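Undergrad: Sequence and predicted model, in that order:
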Amino acid sequence: MDPDFVKAVRRLITCALRMGEFDEVKAILDEYFPRFPNDAGLSEDLRTLAAVTDLRKAVTHAAEKEDYKQAAFYTNQLLQYASQAPIVQLGKLEYLIGSGQIDEADSYSKDIHSKFTTNTDYLYLKGTLFIH
């Protein structure tokens with residue numbers, strides 16, 4: 001086993017996770033974990049993916065129940081793993097607005113504005129926020 005190869009795979013996993021490419025992370029782990037089952041780093045990545053999967057389910061469940069405050073809470077936790085994921089960032093903004101946390105939503109909107117100035121989903125949420 002070449003340690004540099006495993007390091008490169010782990011870097012790929014880290015980047016995909018930060019960008020919110022959860023299916024890609026799963027595919028990479030499905031391919032490489034069986035080859036290197038004793039690698040502590042890949043084992044950690046597998047546990048991280050399980051935690052992310054649980055958080056995504058919690059967000060979905062809360063949103064389906066229209067408990068947007070809980071959805072915002074879980075989305076904020078998910079951002080600890082997927083810090084650069086547009087869908088997670090926009091989800092947080094949506095749930096903050098939906099839960100009536102307008103001041104926090106406005107502040108967060110300003111934090112992410114530069115990344116989404118031409119994103120139609122962001123502009124819709126920004127308009128919704130403006131109405132409130």
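TA: Good, I have the coordinates. Numbers count the residues shown, from 1 in each chain.

Undergrad: Now do the contacts for the residue positioned nearest the centre of the chain.
TA: Averaging the C-alpha coordinates of the chain gives a centre point, and the residue nearest to it by C-alpha atoms, centre = their mean is A82 (3.7 Å). Contacts here follow C-beta atoms under 8 Å, 6 or more residues apart in numbering; on that basis A82 touches L17, R18, M19, G20, F22, V52, V88. The C-beta positions use only the backbone N, C-alpha and C, and glycine is treated the same way.

Undergrad: Mark which of these are buried, thanks.
TA: When those are checked for burial by 16 or more other C-beta atoms under 10 Å, the buried set is L17, M19, G20, F22, V52, V88.

Undergrad: which strands and helices sit next to the host helix or strand of D45?
TA: D45 is part of helix 40-64, with elements assigned from DSSP states H and E. Counting contacts by 3 or more C-beta pairs under 8 Å, 6 or more residues apart in numbering; DSSP states H and E, the secondary-structure elements packed against helix 40-64 are helix 3-18, helix 22-32, helix 68-78.
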